[in-house]
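**Q** I would like to see how this sequence folds:
(2 chains)
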Protein chains: 2
Amino acid sequence: MTSELAIGIDFGGTSVKSGVILGGEVIDTAPPIATQDFDGPDPLIDAMLDAVRSLRERHPGIAAVGVGMPGFVHFEQGVVHNLTNVPGWERFPLRDRLEQRLDLPVTVDNDANCMTYAEWKKGAGRGTRDLIAITLGTGVGGGVVANGQMIRGSRFGAGEVGQMSNDWQGKRGHYGNLGALEDYIGNREIAEMAQQHYARAGQPKTADEVTPQALSRLARAGDGIALGVWDEVARRLASTLMSCCWLLNPHALIIGGGVSRAGDLLFGPLTEHLYAQLSDPFRENLMVLPARFGNEAGMVGAGNLALEQAGYPVED
Amino acid sequence: MTSELAIGIDFGGTSVKSGVILGGEVIDTAPPIATQDFDGPDPLIDAMLDAVRSLRERHPGIAAVGVGMPGFVHFEQGVVHNLTNVPGWERFPLRDRLEQRLDLPVTVDNDANCMTYAEWKKGAGRGTRDLIAITLGTGVGGGVVANGQMIRGSRFGAGEVGQMSNDWQGKRGHYGNLGALEDYIGNREIAEMAQQHYARAGQPKTADEVTPQALSRLARAGDGIALGVWDEVARRLASTLMSCCWLLNPHALIIGGGVSRAGDLLFGPLTEHLYAQLSDPFRENLMVLPARFGNEAGMVGAGNLALEQAGYPVED
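**A** A predicted model of the protein is given here:
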């Protein structure tokens, strides 16, 4: 069962990674491009095109190019509305600009949708028709599959799990939303929560001492405060995911991103608090799964999504 | 533009209503059946079949029969899993039992899905492909349309907006879920909230004096406590609907049920609090609309859904 080759590009705030995708594998990569070294879209697009060309020289059979962008994208038009951490990308017609200079079909989508597509078609969610994927990092993002289709919503914004509220009277977030999940369990917010708990206990710690990795080590060594932080993270996440389940009754929740590397420290209390808040039809059929893909999710998803959009079958 | 005729049956905890559906209209009805007069499914099904036969005598062209049930339904199998307020309906194969005695295709779905389908195809949501419908009454129910399809989820449970949490540390609800919307803005809970506020202000009121209708009258007369109750209802509802919007980016939110009859007392603060918590792509395209259908929603939706399932086109 061979598949077509695609190039997947994961455009991040730090670096732009490009790779050749075959099924669920990245079989070759170009050197990463440092995003901040470039002043605006045009020189960066030149560097992306160089990467694509170098990959095509080694793999002449490339059928499509997909790009995952860290911001709001008009999926049908391939226009980048804006990027959170990269200036100069307001209302930028990225798909058309790339297609003008490549004789290949190009697809542009939000990076969280690319991750979701990768996990659905080639990762932890293979074989399901209804899933929600969540990535836990500096921010909390996600994507939705229902009825065996990506759900993008009326303006291609769907999947923003991190902006959902877990407290109607909570803190006011970036978009005016009260109690956004991301404002409690983002990387930095977990560190702040931990610092507060340690300070209150008379054991002040620096931010470096309470990274997710450090909190995992502390918790595994039996530190009660670190265990308590993970439990609060799990309970807040469980609340939002429980709401997602009541609304969409998914078959799988797929959880990735740096914070998810806490493993059973997170997944243990998360599944406990989640299952305790669902009735049978919602619980019986629900899998809570760690993501298959790490840093490669964006490339794998973008490449496969580009193949699908170009009319090639993408098997799960 | 003529449509096929269907019979829509709205099975409620109090009465079973049957009507002949043409497009978005109920053009004839059978006398309602008092649900609690019957001891178990079999005699009630006999009464439902009598109603169907009497309607077919007057309208020989009936093409399909749809039934909306107040409980959990396995949509593909047409099996009623259980009903909240009617005993004897555990794992009951309603579709097959009706089809055995009618030479017509029968469809059985959850009542909130029928309401959603009615509003989508024939009501306030016509012409949209992504909407969420919510009904506010004793309970809070709902349904989801995305990508121009009903979203039922992996076990046909999707749409339970009332079970979504607006407070991760809120009260524990019927299914163990903390902070379920329904447990704050159901009919009874609104009355309790109002009674508490009035008692605290030294103006105790009976439950009859704080029904949604009574609270509307009081608020329109300028009563500060009643206005405050409506604002809290609106803010809690806005929090949950805001979360729905971030997850699904719908084009329309359609709000029906008895509590929604408060009109601008509810819709005013609701839209204010909702729009204040969304970013542009989520807000710009979002309509918050009162439901078109009242008591007829279940019949209209069930009838049209039955036509769709039987292969007839249902136009919006």
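**Q** how is chain A carved up into domains?
**A** Listed domain ranges for chain A are A:5-116+A:295-309, A:127-290 (source: automatic domain parsing).
**Q** Model confidence score at A:Leu131, please.
**A** We have a pLDDT of 98 for A:Leu131.
**Q** Find the centremost residue of chain A, please.
**A** In chain A, the C-alpha nearest the mean C-alpha coordinate belongs to A:Ala112, at 3.8 Å (Cα atoms, centre = their mean).
**Q** which other helices and strands contact the helix or strand harbouring that residue?
**A** A:Ala112 belongs to helix A:111-122 when assigned by DSSP states H and E. In terms of contacts (3 or more Cβ pairs under 8 Å, 6 or more residues apart in numbering or on different chains; DSSP states H and E), helix A:111-122 is packed against strand A:5-11, strand A:62-69, strand A:131-136, strand A:140-146, strand A:149-151, strand A:252-256, helix A:297-309. Where C-beta positions appear, they are placed from N, C-alpha and C, glycine not excepted.
**Q** count of neighbours near A:Leu218?
**A** As a burial measure, A:Leu218 scores 21 neighbours (other Cβ atoms under 10 Å in any protein chain shown).
**Q** Could you report the neighbour count for A:Asp130?
**A** 26.
**Q** got a list of what the residue lying closest to the residue nearest to the centre of chain A once chain neighbours are set aside touches?
**A** Leaving aside its sequence neighbours, A:Ala112 sits nearest to A:Gly141 (Cβ to Cβ, 6 or more residues apart in numbering or on different chains; 3.7 Å). Residues in contact with A:Gly141 (Cβ atoms under 8 Å, 6 or more residues apart in numbering or on different chains) are A:111-112, A:115, A:134-135, A:159-162.
**Q** tell me the SS of the residue of the stretch 51-200 of chain A found nearest chain B?
**A** The minimum distance from the stretch 51-200 of chain A to chain B, using Cβ to the nearest Cβ, falls at A:Gly153 (2.5 Å). Using DSSP: H, G, I helix; E, B strand; the rest coil, the structure places A:Gly153 in coil.
**Q** just checking, it touches B:Ala146?
**A** Yes - applying Cβ atoms under 8 Å as the test, A:Gly153 and B:Ala146 come out as touching, 7.2 Å apart.
**Q** residues near A:His59, how many?
**A** By other Cβ under 10 Å, neighbour count at A:His59 equals 15.
**Q** what separates it from A:Val26, distance-wise?
**A** To A:Val26, A:His59 is 12 Å away according to Cβ to Cβ, to the nearest Å.
**Q** Between these two, which contacts overlap?
**A** What both A:His59 and A:Val26 touch, as defined by Cβ under 8 Å, 6+ apart, is the set A:Val20.
**Q** Next, A:Val20: secondary structure please.
**A** A:Val20 falls in the strand class when you classify it by three-state DSSP.
**Q** and it, what is it in contact with?
**A** Contacts for A:Val20 (Cβ under 8 Å, 6+ apart) come out as A:5-7, A:26-29, A:55, A:58-59, A:62, A:303.
**Q** Looking at those residues, which is nearest B:Ala297?
**A** A:Gly303 (44.9 Å; Cβ to Cβ).
**Q** Now do the same contact list for that closest one.
**A** Going by Cβ under 8 Å, 6+ apart, A:Gly303 touches A:6-8, A:19-21, A:64-66.
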